[in-house]
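J.: I'll drop the sequence and a predicted model, then ask my questions.
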Amino acid sequence: MLNNARSLGKENKTLLLTAVGVAGTVTTGVLSFRAGYKASEIVDEEAQAFFAEHPDHDVVDFDMKTKIQLVWAQLIPPVGVGAFTIAAIIAAHRIDANKAAALAAAYGVSERALTEYKAKVVEKLGERKEGAIRDEIAQDRLQKDPVENRQVIIAGSGEVLCYDNISGRYFQSSMEELKQAENQVNYELVHHNECSLSFFYDKIGLPATRHSNEVGWNSNNLLELNLSTQMSTDNRPCIVVDFVVGPITGYGNLY
């Protein structure tokens, strides 16, 4: 049971630390209210004692140092819990940042390996056979993701069925609109050095996804669409939209 608890704790560090942060925030608020109420009572009692000893005084004005000396013990719980809460939030952020860095590194390694593999396939088989293999893969993806089970997004003014290979979404567009979007992305790359996948989606009429803002292209690699015309599971011509060089994380880091 102890080993299982340790394993569960390691796998869910971020979740547990976030829960601690939320609970700590609420607890700090409650303890601060109680400490303030208790401190007010202590100061009032001290004032009453002062008036009892000095009946000729109508007003008592404790300086900050005196007040702290009177109520410092009441401040320990909220300050302590608040400090613990801040530490938990910072730790959760660091773990998330480390995970994101590790995922980005793994993605970069996979991307380089895939690029090298594609280049070697073209070198060994030639462009025609490599293109035929890509077409077969595109057709397999359509078969595994039937259009009958998916919503077709009405995007742009085209009426040709299309399939976005990255997000797995069917939509309606046209070859002309896709090429126009490619040119608009490359215009951004030439003039602004970077462009996100969300920008491309916007130009073809697709909503952005949770991850499309995190990946994109830069001026080191202009966008080149890889369009393959296949048959959907309902026997309609379908343009499978892919990229010769896919979008990457950290696309804004040119140097």
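T.: That came in fine, so what should we check first?
J.: Show me what the helix or strand where residue 20 lies is packed up against.
T.: Using DSSP states H and E, the element containing residue 20 is helix 13-53. Applying 3 or more C-beta pairs under 8 Å, 6 or more residues apart in numbering; DSSP states H and E, one finds that helix 13-53 makes contact with helix 64-125. For every residue, glycine as well, the C-beta is placed using N, CA and C.
J.: And the helix it packs on, how far out from the chain middle?
T.: 13 Å (C-alpha atoms, centre = their mean, to the nearest Å).
J.: other SSEs contacting it?
T.: Other helices and strands packing on helix 64-125, by 3+ C-beta pairs under 8 Å, 6+ apart, are helix 13-53, helix 127-144, strand 248-249.
J.: Please work out the average pLDDT along that helix.
T.: Averaged across helix 64-125, pLDDT comes to 80.
J.: Flag the shaky bits of the chain, pLDDT-wise.
T.: Where the chain drops to pLDDT under 70, the residues are 1-2, 4-11, 58, 100-111, 156, 254-255.
J.: go again using 80 as the cut-off
T.: 1-13, 49-63, 67, 96-119, 121-122, 154-158, 250, 252-255 (pLDDT under 80).
J.: Please parse it into its domains.
T.: 2-103, 126-249 (automatic domain parsing).
J.: Span of the last one from start to end?
T.: If I follow you right, that is domain 126-249. 29 Å (C-alpha to C-alpha, to the nearest Å).
J.: residue contacts, residue 187?
T.: The contact partners of residue 187, by C-beta atoms under 8 Å, 6 or more residues apart in numbering, come to none.
J.: where along the stretch 151-255 of the chain do the helices fall?
T.: Ranges of helices in the stretch 151-255 of the chain, per DSSP state H, counting those that start in this stretch, are 175-192, 197-204.
J.: can I get the ones you listed in a markdown table with distance to residue 64?
T.: What follows is the helices of the stretch 151-255 of the chain, written out as a markdown table (distance: least, C-beta to C-beta, whole Å):
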| stretch | distance to residue 64 |
| --- | --- |
| helix 175-192 | 54 |
| helix 197-204 | 53 |
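J.: Can you say which of the ones you listed is packed in most?
T.: Across the helices of the stretch 151-255 of the chain, averaging neighbours per residue (mean count of other C-beta atoms under 10 Å) puts helix 197-204 on top, at a mean of 21.
J.: Can you tell me what sits against that helix?
T.: Residues from elsewhere that reach helix 197-204 (C-beta under 8 Å, 6+ apart): 155-156, 166-167, 171, 173, 177-178, 180-182, 184-185, 188, 207-209, 211-213, 215-216, 223, 241, 247.
J.: ok and it relative to helix 175-192, angle-wise?
T.: If you take axes from the mean of the first three to the mean of the last three C-alpha atoms, to 10 degrees, helix 197-204 sits at 140 degrees to helix 175-192.
J.: Could I have the CA atoms of helix 197-204 written out in CSV?
T.: Listed next in CSV are the C-alpha coordinates belonging to helix 197-204 (Å, rounded to 0.1, in the frame of the first residue of the first chain):
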residue,chain,number,x,y,z
LEU,A,197,-0.9,26.6,-37.0
SER,A,198,-3.9,28.6,-35.7
PHE,A,199,-3.3,31.2,-38.4
PHE,A,200,-3.4,28.6,-41.1
TYR,A,201,-6.6,27.1,-39.6
ASP,A,202,-8.2,30.6,-39.6
LYS,A,203,-7.4,31.1,-43.3
ILE,A,204,-9.1,27.9,-44.3
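J.: Give me the distance between it and the centre of its chain.
T.: Counting by C-alpha atoms, centre = their mean, helix 197-204 comes out at 18 Å from the chain centroid.
J.: Then stretch 188-195?
T.: 23 Å.
J.: With just CA atoms, put that stretch into CSV.
T.: The C-alpha coordinates for stretch 188-195 follow below in CSV (Å, rounded to 0.1, in the frame of the first residue of the first chain):
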residue,chain,number,x,y,z
GLU,A,188,3.5,36.0,-42.8
LEU,A,189,6.7,34.0,-42.6
VAL,A,190,8.6,36.2,-45.0
HIS,A,191,7.5,39.5,-43.4
HIS,A,192,7.1,38.5,-39.7
ASN,A,193,9.4,35.4,-39.5
GLU,A,194,6.8,33.2,-37.7
CYS,A,195,3.3,31.9,-38.1
